[in-house]
Every structure is written in C-alpha cells, then in structure tokens.
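Undergrad: what follows is a predicted structure for the sequence shown.
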Amino acid sequence: MTGLRILVVDDEPQIIRFLKPALGAAGYDVVTAASASEAIRLSATQSPDAMLLDLGLPDKDGKEVIRAVRAFSQVPIIVLSARDRETEKISALDLGADDYVNKPFGIGELLARIRAVTRSRNQGKPVETVFHAGGLMIDTERHHVELAGQSVKLTPKEFDLLLLLVRNAGRVLTHKQILNAVWGPAHAEDVQYLRVLVGQLRQKIEPKPAEPVLVLTEPGIGYRLGDDSP
C-alpha cells in the first residue's frame, strides 16, 4: 500500500468501475464522488492526497470545484476530461489544477502522473534550498547550477525559469503562470519571450536540445519538468 488516498470525481459509473480497482491494485485508498458539491465536501473532510477530477459534472462545472478547493487546500488535482480544447485546459490549469489528462487514457500514464504530482508536494516539510532533477543540482541560496558535477552558467531569468519548473515538478505550468512568475504581470502575454528563454535554457542543460527530456513542451499550453526527473 502507498498509504495515499485518491479522491476520484466523476459521474460516469463506468469510469469509477475502471479506476477504483486499478488504483486499488496500485496501492491507493480510493474515495469517489459523483458531483461537484460532494467533491468539495470530501476534499475538506477526507484529506485526500490527490484528486482525479472530471470537468463535466451534473451540478457544476469541474472548474468550479478547482476554484472552491483551492480556497482551502493545495491537494494535487489532475483533470480527466474529454474536453480537448486548449482553452479548457489552460483555464483549468490557471485555476490551480496540477495536470490535465485527456479521455480516453491509459492507466499506466495516469499512475505516472499521480506519482509525479504527489511526489512534488512536500507539505509540512522544511523549505528546500537544494533541488536535484535529471542530473542537475540547483542550489537556490547560492544561485548555482551543476550538470553531472560541472558548473552551468545561467542568466538570472534562465535560473528563475529552471527553479520554477523544478519546484513545480509534476505540474503543467501555463505560459501565463510562467510569464507572471519570471517577468511579472506586465508581460503575461509575451509568449515569444518565454519561447526564446526556454530555447536558451535547453541549450545549456539538455543532452540533446532538439529532443528535450527535462524541459518538456505541452503544445499550446505551457511547459513542465520531464516525468523522469526525480
């Protein structure tokens, strides 16, 4: 058993019948909800370690669940939805969802996403000053980065971008979220700035910049740290 509790929010019985035994077999304790109101209540009373959330719920849109839950909890939220429009994904992520998986999906991929978001949340632990990811060492106090033991010289913006991705390992960060964090609200729409910065960072830290494994693109949405990064 993992000791972790997963709240599955979906009003389709077939999805629940598929996910509950699959997650149970992977060692998770599974709690289910079929409506937005029930999802919000269970989020507050059951203290789940992660939530799998469908957006098409009978009483409210799933994005309202994200908004409500984020008012009192930082539980990792993975959206599971058949809605494939980029605007839906961006809206859910901007509201505070950690990841977005399209239906239909494979259980292997879903379990990997769950491991990533639960691994990235270290609630109640001391603030870390040194991070490790895919052969990289990032020292936040010294603003120092090493790759395979060799020092890597990054500009302040490149360092800020890398640190943001590492601190949010397991999450998809939208263009707007990254631009706000790295440049500030005045540049929240300057996606080209971000593309250039990502390209520069990949040249310095990726073994093959044209085939990145650390800084991964979510087309039309944003970027995330590679799933293989610890």
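TA: Thanks, I have it.
Undergrad: the helix or strand of the chain with the lowest mean pLDDT pairs with which strands, parallel or anti?
TA: Ranked by mean pLDDT, DSSP states H and E, the helix or strand of the chain with the weakest confidence is strand 130-133, at a mean of 79. Under the criterion DSSP bridges, strand 130-133 sits next to strand 136-139 (antiparallel) in its sheet.
Undergrad: can you mark which positions in the partner strand are buried?
TA: Under the neighbour-count criterion of 16 or more other CB atoms under 10 Å, strand 136-139 has 136-138 buried. Any C-beta I mention is one placed from the backbone N, CA and C, and that applies to glycine too.
Undergrad: next: stretch 7-19.
TA: 7-11, 15-16, 19.
Undergrad: closest to V172 out of those?
TA: Among the buried residues of stretch 7-19, V9 lies closest to V172 (CB to CB), at 18.8 Å.
Undergrad: excluding residues flanking it in the chain, which one is nearest that closest one?
TA: Take V9 and drop its neighbours on the chain: the residue closest to it by CB to CB, 6 or more residues apart in numbering is A39, 4.2 Å away.
Undergrad: ok, S91 - contacts?
TA: K63 (CB atoms under 8 Å, 6 or more residues apart in numbering).
Undergrad: ok, then the element right after the strand or helix carrying it?
TA: S91 belongs to helix 86-95 when assigned by DSSP states H and E. Counting by DSSP H and E, the next helix or strand C-terminal to helix 86-95 is strand 99-102.
Undergrad: neighbouring strands - and their directions - for that next one?
TA: In the sheet, strand 99-102 lines up with strand 77-81 (parallel) (DSSP bridges).
Undergrad: can you show me the CA trace of the strand it pairs with as PDB?
TA: Output of strand 77-81 as PDB, limited to C-alpha atoms (Å, rounded to 0.1, in the frame of the first residue of the first chain):
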ATOM      1  CA  ILE A  77      -5.600  18.000  -8.800                       C
ATOM      2  CA  ILE A  78      -5.400  16.000 -12.100                       C
ATOM      3  CA  VAL A  79      -8.200  16.900 -14.500                       C
ATOM      4  CA  LEU A  80      -9.500  13.900 -16.500                       C
ATOM      5  CA  SER A  81     -11.700  15.100 -19.300                       C
END
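Undergrad: that older thread, what's the angle between the helix holding S91 and strand 77-81?
TA: Per axes from the mean of the first three to the mean of the last three CA atoms, to 10 degrees, the angle that helix 86-95 makes with strand 77-81 is 160 degrees.
Undergrad: quick one: L201 and E12, what's the gap?
TA: 40 Å (CB to CB, to the nearest Å).
Undergrad: if you could redo that for I205, that was the one I meant.
TA: For I205 relative to E12 (CB to CB), the value is 41 Å.
Undergrad: what about the helix holding S91, distance to the chain center?
TA: 12 Å (CA atoms, centre = their mean, to the nearest Å).
Undergrad: return the set of buried residues in it.
TA: For helix 86-95, the neighbour count (16+ other CB under 10 Å) marks 88-95 as buried.
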